[in-house]
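> I need the structure of the sequence given here:
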Amino acid sequence: MAHQQSQPTWLMATPSHPKTVTRHPGASGFTMIEVLIVVLLGTVILSSAFQLLMGNQRMYTVSAAKSENMNALRAGTDILFNELREVSAGEGDIINIDDDSITVRAAGSFGVVCATNLGSSQLTVMSIAGTFSDSDSISYLADNDPLANTDDVFKTADVTAVSSTTCPAGDSAQVLTLSGTFGAPPDSVVEGSPVRAFTAHTYGAFTYGGEYYLGRRTGSADAVIMAGPLAETMPITFTYFDSTGTAETSAASVALIKVVIRTLSDVINSQGRAVGDTTLVEVQIRN
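Numbers count the residues shown, from 1 in each chain. Sure, this is the predicted structure:
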């Protein structure tokens, strides 16, 4: 009869006593609970790091938008202040005023008369700085008595046509055909009389790429973008005052100009508002 080897009691299991396996204190590896704890802690750390990165990114974006707005405002105020402080309402430099734009006369080219054709209301001018165009108005010296300076006067006229020519001495020049209040140049316009051109510039908000920018338009040409972008609502407003501080609607009586420039971006700050800024510049113009 074969001998049957009995199993150790620690390997035997009965339905009422199922076999269990436990990890001894010195065994390697992790329990399921430990793994879950590590995963949970890792998730919390990664989530916190992600939130920190997102917060830093949002703060950087808002700061960049604020910096862009400040640069736009600084550029806009500098441009308008420097351009407008040179004009004089009394001398007719302010051509038109509106709530959202202003048209002024700015000094441009300069030259001297080298020949005249008074019958055709033409002056032949040798340019010293810049060139003349048919959108200019000019101021030229009428020297009545060359031996006296008490009768010298500057006349103004509009340039209606410009053509190229040469002076009697052979220098390059332009023929300016004139019209306007004073009509033909007076007989006292002589060779060597200075001629200064003035160009009408309109400053205001102009659209470019679907956004508003501070721009300058000369005549009927396209506007030249100078600063921006600006807010969609009331990007630029002009308010005019006379010498007593009273609101003024007549261009000839303006002594002070207040300009408000507003910027606005698509960036949203922590309060849920679009990042924007507003600045006010006051320009005391020449008498």
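> in the helix or strand residue 240 falls within, what counts as buried?
Residue 240 is part of strand 236-241 when elements are defined by DSSP states H and E. Within strand 236-241, the residues that count as buried by 16 or more other CB atoms under 10 Å are 236-238, 240-241. To be clear about C-beta, it is placed using only N, CA and C from the backbone, and glycine gets the same treatment.
> between these, which is nearest residue 217?
residue 236 (13.3 Å; CB to CB).
> Contact partners for the closest one?
The contact partners of residue 236, by CB atoms under 8 Å, 6 or more residues apart in numbering, come to 76, 100-101, 204-205, 214, 230, 259-262.
> beta partners of it?
For residue 236, the beta-bridge partners are residue 261 (DSSP bridges).
> The one 5 residues further on too?
Beta-bridge partners of residue 241, counted by DSSP bridges, are residue 247, residue 256.
> Touching, it and residue 250? I think so.
No. Using CB atoms under 8 Å, residue 241 is not in contact with residue 250, being 11.4 Å away.
> circling back to that earlier point, mean confidence score for the strand holding residue 240?
Averaging the model's pLDDT scores along strand 236-241 yields 95.
> Where do the strands of the stretch 51-200 of the chain begin and end?
94-97, 101-117, 122-129, 136-142, 153-166, 172-179, 194-208 (DSSP state E, counting those that start in this stretch).
> Against which helices or strands is the second one packed?
Counting contacts by 3 or more CB pairs under 8 Å, 6 or more residues apart in numbering; DSSP states H and E, strand 101-117 is packed against helix 32-84, strand 94-97, strand 122-129, strand 136-142, strand 172-179, strand 194-208, strand 236-241.
> so which two of the contacts of residue 236 are the farthest from each other?
Largest pairwise distance in those, by CB to CB, is 15.0 Å, between 101 and 262.
> Looking at these two, which one has more neighbours?
Each of residue 101 and residue 262 has its neighbours counted (other CB atoms under 10 Å); residue 262 has more, 22 against 17.
> Spatially, which residue comes closest to that one, not counting chain neighbours?
Using CB to CB, 6 or more residues apart in numbering and skipping residues adjacent in sequence, the residue nearest residue 262 is residue 231, 4.0 Å away.
> Next: residue 79.
Nearest non-adjacent residue to residue 79 (CB to CB, 6+ apart): residue 226, at 5.4 Å.
> just so I know, which of the strands of the stretch 51-200 of the chain lies nearest residue 36?
Using CB to CB, the nearest of the strands of the stretch 51-200 of the chain to residue 36 is strand 194-208, at 58.0 Å.
> Can I get that closest one in PDB, CA atoms only?
In PDB, the C-alpha atoms belonging to strand 194-208 read as follows (Å, rounded to 0.1, in the frame of the first residue of the first chain):
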ATOM      1  CA  PRO A 194      10.700 133.400 -49.000                       C
ATOM      2  CA  VAL A 195       7.800 131.000 -49.500                       C
ATOM      3  CA  ARG A 196       6.500 128.700 -46.800                       C
ATOM      4  CA  ALA A 197       4.000 125.900 -47.500                       C
ATOM      5  CA  PHE A 198       1.300 124.800 -45.100                       C
ATOM      6  CA  THR A 199      -0.500 121.500 -45.300                       C
ATOM      7  CA  ALA A 200      -3.900 120.700 -43.800                       C
ATOM      8  CA  HIS A 201      -3.800 117.600 -41.500                       C
ATOM      9  CA  THR A 202      -6.800 116.000 -39.900                       C
ATOM     10  CA  TYR A 203      -6.100 114.200 -36.600                       C
ATOM     11  CA  GLY A 204      -8.600 111.600 -35.300                       C
ATOM     12  CA  ALA A 205      -9.500 108.000 -34.900                       C
ATOM     13  CA  PHE A 206      -9.300 105.900 -38.100                       C
ATOM     14  CA  THR A 207     -10.000 102.200 -38.700                       C
ATOM     15  CA  TYR A 208      -7.200  99.800 -39.700                       C
END
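> coming back round to it: in JSON lines, list the strands of the stretch 51-200 of the chain along with distance to residue 88 and mean pLDDT.
Shown next, in JSON lines, are the strands of the stretch 51-200 of the chain (distance: least, CB to CB, whole Å; pLDDT from 0 to 100):
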{"stretch": "strand 94-97", "distance to residue 88": "8", "mean pLDDT": "93"}
{"stretch": "strand 101-117", "distance to residue 88": "9", "mean pLDDT": "92"}
{"stretch": "strand 122-129", "distance to residue 88": "21", "mean pLDDT": "95"}
{"stretch": "strand 136-142", "distance to residue 88": "13", "mean pLDDT": "89"}
{"stretch": "strand 153-166", "distance to residue 88": "13", "mean pLDDT": "91"}
{"stretch": "strand 172-179", "distance to residue 88": "22", "mean pLDDT": "94"}
{"stretch": "strand 194-208", "distance to residue 88": "12", "mean pLDDT": "92"}
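> That'll do, ta.
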